[in-house]
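Visitor: fold the stuff below for me.
(chains A and B)
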Amino acid sequence: MSQFTVVQVPKAETIAIQVTAPNQVKLSGTITQKDPATDLAGFFKALHTAALADKLTEVRADVSGLTFVNSSAIRLFVDWATWVKNERGHRYTLRFITSRNVTWQKTSFMALMSLAKEVLAIEHVT
Amino acid sequence: MSSYDRNSERNSATPSSSSRLAVDSGSGASSRPRESTILTGRTLVRVICTAGSGALEYTHAFVTAYAADHLRAAVAQRLSVGAYELLSNALNFGSVSSDIVIELIESDNMVGVRVENDAIAARISMLTEHLLKLKTNAEQTFMEELRRSVTGGIPRPMLGLARVTHEVGLTLDLQVQERRIAVTAQCRR
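Guide: So this is what the prediction gives:
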């Protein structure tokens, strides 16, 4: 049984989260709360742990519908990439699906790519 | 192009009683010197708030919605990032007893968001120092702050203003009058 698809999705006011088999998580809305780690850090960690348990070769994180995130939320994506990068055994490619139409995503994910290019992939949708 | 007024030309992080510091965006803004001028014009909206639960989220949501309704989508998105990060800084680093004023301002060519608040001298120095780093190299500072956000460190990472200049390409302008500071993030309309 897939661990990834049974990860508990947190309830957050401004963000919609959907996990779909076998390896995709979709986030849309905005992340504006002062400390988004409260809701999301544990969730991302659980997805990471489940992806390792399922021996996934790729996780697709579709953030194209995230129209705004604060800098604390960007740190969460950096953390996720760092967990994968630091993994000694099996590791997967973390593929972010981003939108060309959302300004903040262009620079942030390119910068993130330069920090962990061996485990990240960026895909653009319009 | 970046500009200082005479009080700021000492290139020091020590704030004077009245000073100004401008940091252009990193994306070829040197060909647009007018962006470094102080933004004056019509106030589209002004919100006064105090520190408290939801102040950041609700004020930001209101300003973002207003900008989205009145400005081009791409400009509104950029100002939304600017509004959030400036307001967040004011709430995190400003004096809790003072009001925070956030305004959307437009002139014939420019539009911007300005946040005003009181702060103690040490905080103003820290802000000035950070802006000087951004003025030197916005992209490098952005990357440094992104790395520091993983490793932590002292002072704590200040990714917000780096996002404003590098990520969404807004020109930052700091004006200090005694303990009152006004930070403006602006771009072409």
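Visitor: next one: the host helix or strand of residue A:30 to chain centre, how far?
Guide: Here residue A:30 sits within strand A:24-31, counting by DSSP states H and E. With C-alpha atoms, centre = their mean, to the nearest Å as the basis, strand A:24-31 stands 8 Å off its chain's centre.
Visitor: the host helix or strand of residue A:44 near chain B at all?
Guide: Per DSSP H and E: residue A:44 is located in helix A:37-53. No: taking C-beta under 8 Å from any C-beta of the partner chain as the criterion, helix A:37-53 and chain B are apart, separated by no less than 11.5 Å. In this view, the C-beta of every residue, glycine as well, is placed from N, C-alpha and C.
Visitor: which helix or strand lies directly C-terminal to that helix?
Guide: Past helix A:37-53, the next helix or strand by DSSP H and E is strand A:58-69.
Visitor: quick one: strands adjacent to that following strand?
Guide: When pairs are called by DSSP bridges, strand A:58-69 turns out to pair with strand A:24-31 (parallel), strand A:93-99 (parallel).
Visitor: burial of residue A:6, as a residue count?
Guide: Counted with other C-beta atoms under 10 Å in any protein chain shown, the neighbours of residue A:6 add up to 11.
Visitor: quick one: contacts for it?
Guide: residue A:50 (C-beta atoms under 8 Å, 6 or more residues apart in numbering or on different chains).
Visitor: same check, this time on the one 3 residues further on
Guide: Residue A:9 makes contacts with A:17-19, A:43, as judged by C-beta under 8 Å, 6+ apart.
Visitor: next step: those restricted to strands.
Guide: The strands, defined by DSSP state E, take in A:17-19 from the contacts of residue A:9.
Visitor: ok, so of those, who is nearest residue B:23?
Guide: residue A:17 (35.9 Å; C-beta to C-beta).
Visitor: excluding chain neighbours, what is closest to the closest one?
Guide: In space, and not counting its chain neighbours, residue A:17 is closest to residue A:9: 4.9 Å by C-beta to C-beta, 6 or more residues apart in numbering or on different chains.
Visitor: that neighbour in helix, strand or coil?
Guide: Classification of residue A:9 using DSSP: H, G, I helix; E, B strand; the rest coil returns coil.
Visitor: would you confirm that residue B:104 contacts residue B:67?
Guide: Yes: under the criterion of C-beta atoms under 8 Å, residue B:104 makes contact with residue B:67 at 6.2 Å.
Visitor: please identify every residue contacting each of these two.
Guide: B:79, B:83.
Visitor: buried ones in the strand holding residue A:30?
Guide: Judged by neighbour count using 16 or more other C-beta atoms under 10 Å in any protein chain shown, the buried positions of strand A:24-31 are A:24-27, A:29-31.
Visitor: wait, which of those is closest to chain B?
Guide: Nearest to chain B among the buried residues of strand A:24-31, counting by C-beta to the nearest C-beta, is residue A:30 at 8.1 Å.
Visitor: give me the number of residues near the residue lying closest to that closest one once chain neighbours are set aside?
Guide: Nearest residue to residue A:30, sequence neighbours excluded (C-beta to C-beta, 6+ apart): residue A:68, at 4.3 Å. If you count neighbours by other C-beta under 10 Å, residue A:68 ends up with 21.
Visitor: how about the contacts made by residue A:68?
Guide: Residue A:68 makes contacts with A:30-32, A:104, B:64, B:77, B:80-81, B:84, as judged by C-beta under 8 Å, 6+ apart.
Visitor: what's the closest of the strands paired with strand A:58-69 to residue A:51?
Guide: strand A:93-99 (8.6 Å).
Visitor: can you name the element that comes right after the helix or strand of chain B with the lowest mean pLDDT?
Guide: Taking mean pLDDT, DSSP states H and E as the measure, chain B has strand B:18-23 as its least confident helix or strand, at a mean of 80. With elements assigned by DSSP H and E, the helix or strand that comes after strand B:18-23 is strand B:42-49.
Visitor: and after that next one, which helix or strand comes next?
Guide: helix B:55-70.
Visitor: by mean pLDDT, which helix or strand of chain A comes out lowest?
Guide: Using mean pLDDT, DSSP H and E, the weakest-scoring helix or strand in chain A turns out to be helix A:103-115, at a mean of 91.
Visitor: wait, isn't residue B:165 in contact with residue B:134?
Guide: Yes: applying C-beta under 8 Å, one finds residue B:165 in contact with residue B:134, separated by 5.2 Å.
Visitor: now do the shared contacts for these two.
Guide: With C-beta under 8 Å, 6+ apart, residue B:165 and residue B:134 have common neighbours B:23, B:172.
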